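Compute the structure for the input listed below.
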Amino acid sequence: MVKRATLLVLSTAQRERATEVTMGPAANGGTAVRYRIDGAWHDWSTVGIAWSPMASELEGLAGIRSAPYPKEGIIYVAYSGVRLRWRINLNTRDKGCTLSNLGSETV
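You can find the predicted model right below:
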């Protein structure tokens with residue numbers, strides 16, 4: 001369920017042509033998600049999954065789970081007919097992460 005939710009957020013953001021996504025702990029215990037489209041930030045309804053497992057899944061998708069902080073990696077995976085291509089930056093787990101859409105950049 002965590003992997004599906006994580007991939008759903010990224011695939012939806014990519015389909016909507018978001019250039020950047022931020023995720024982090026929400027006040028209600030879930031995961032807060034914001035994404036930028038054409039320079040404007042939009043709030044996604046809070047994902048009902050706690051931030052810690054969501055962060056762990058993002059680290060796993062990027063292959064950086066055991067890397068020291070700050071962490072940086074690339075998520076490159078097919079999901080639901082979309083080739084997801086995102087660069088992830090995670091300074092500390094407590095503060096959340098930033099993902100940048102790589103679009104057609106070479107990975």
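
For the helix or strand containing residue 21, output the C-alpha coordinates as CSV.
For residue 21, the host element (DSSP states H and E) is strand 20-25. C-alpha atoms of strand 20-25 as CSV (Å, rounded to 0.1, in the frame of the first residue of the first chain):
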residue,chain,number,x,y,z
GLU,A,20,8.7,19.8,-8.5
VAL,A,21,7.1,17.9,-5.6
THR,A,22,7.7,18.3,-1.9
MET,A,23,6.7,15.7,0.7
GLY,A,24,7.1,15.7,4.5
PRO,A,25,5.4,15.0,7.7
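
That one pairs with which strands, parallel or anti?
Applying DSSP bridges to the sheet, strand 20-25 is found paired with strand 31-37 (antiparallel), strand 96-101 (antiparallel).

Just the CA atoms of the single longest strand found in the chain, as CSV, please.
The residue-count maximum for a strand in the chain (DSSP state E) belongs to strand 82-92. Output in CSV follows, covering the C-alpha atoms of strand 82-92 (Å, rounded to 0.1, in the frame of the first residue of the first chain):
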residue,chain,number,x,y,z
VAL,A,82,4.3,6.3,-17.1
ARG,A,83,8.1,6.3,-16.9
LEU,A,84,8.7,8.1,-13.7
ARG,A,85,11.9,10.1,-13.7
TRP,A,86,12.5,12.1,-10.5
ARG,A,87,15.6,13.4,-8.7
ILE,A,88,15.2,13.2,-4.9
ASN,A,89,16.9,15.4,-2.3
LEU,A,90,16.5,14.5,1.4
ASN,A,91,18.5,16.5,3.8
THR,A,92,17.0,14.9,7.0
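
And it, what's buried?
84, 85, 86, 87, 88, 90 (16 or more other C-beta atoms under 10 Å). For every residue, glycine as well, the C-beta is placed using N, CA and C.

ok so, going back, present the strands paired with strand 20-25 as TSV; the columns should include distance to residue 72.
Output for these, formatted as TSV (distance: least, C-beta to C-beta, whole Å):
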stretch	distance to residue 72
strand 31-37	19
strand 96-101	10
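
want to throw these into JSON lines with mean pLDDT?
Formatted as JSON lines, the strands paired with strand 20-25 follow (pLDDT from 0 to 100):
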{"stretch": "strand 31-37", "mean pLDDT": "96"}
{"stretch": "strand 96-101", "mean pLDDT": "97"}
